[in-house]
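Asks: Mind folding the following:
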Amino acid sequence: MQKKTVSTKDAPQAIGPYSQAVRFDNLIFVSGQIPIEPESGKILKGNIKEQTKQVLENLNNILMAGGSSLAHVLRTTIFLTNLDNYSAVNETYAQFFDDLPPARSTVQVARLPMDAQIEIDVIACINTEENLLDA
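Replies: The predicted structure follows:
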């Protein structure tokens, strides 16, 4: 098995020495995403629901570039600077993960890059159809 980095212009470029994602065997590990708009490279101005939506769209774009999607996410970790936003984040999150939601941890942190309010990372499996195409 060999690890392969995944990158797409449809999601924010890494702001440090890390990959957007790494694919290994039938798994893809996506680095934490904050609500950066890929076009501008700036944090989305908006409420926590809008920022959560941007994060999940960024994650999905990276997953798709790596041969997966949000439908194949096995585990997520959500980092919030304010746990009072937990319910609002859940409302948006549920729109993306309605059937068989992944395992998840949510933690409050003191600060996130670029003073974001939310960051989410994911681990997903690769689409079966993609595996057949790669064979």
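
Asks: show me where pLDDT drops low in this protein?
Replies: 128-135 (pLDDT under 70).

Asks: mind checking the longest helix of it?
Replies: Across the chain, the longest stretch assigned as helix under DSSP state H is helix 48-65.

Asks: for T92, helix, strand, or coil?
Replies: Following DSSP: H, G, I helix; E, B strand; the rest coil, the label given to T92 is helix.

Asks: show me what contacts the residue lying closest to D10 once chain neighbours are set aside?
Replies: Residue nearest to D10 in three dimensions, not counting chain neighbours: N61, with 4.0 Å by CB to CB, 6 or more residues apart in numbering. For the C-beta atoms, the positions are set from N, CA and C on the backbone; glycine is no exception. Counting by CB atoms under 8 Å, 6 or more residues apart in numbering, N61 makes contact with 8, 10-11, 38.

Asks: ditto for M64
Replies: Shown in contact with M64 (CB under 8 Å, 6+ apart): 8, 10.

Asks: Enumerate the positions of stretch 48-61 that are buried.
Replies: The neighbour-count check on stretch 48-61 (16 or more other CB atoms under 10 Å) flags 48-49, 51-61 as buried.

Asks: Narrow the contacts of N61 to those that are buried.
Replies: 8, 11.

Asks: closest to S87 among the contacts of N61?
Replies: For those, the closest approach to S87 (CB to CB) belongs to A11, at 26.4 Å.

Asks: Could you pull up the residues touching the residue minimising distance to the centre of the chain?
Replies: The residue lying closest to the centre of the chain (CA atoms, centre = their mean) is L59, at 3.2 Å. For L59, the contact set (CB under 8 Å, 6+ apart) comprises 11, 30, 33, 70, 120, 122.
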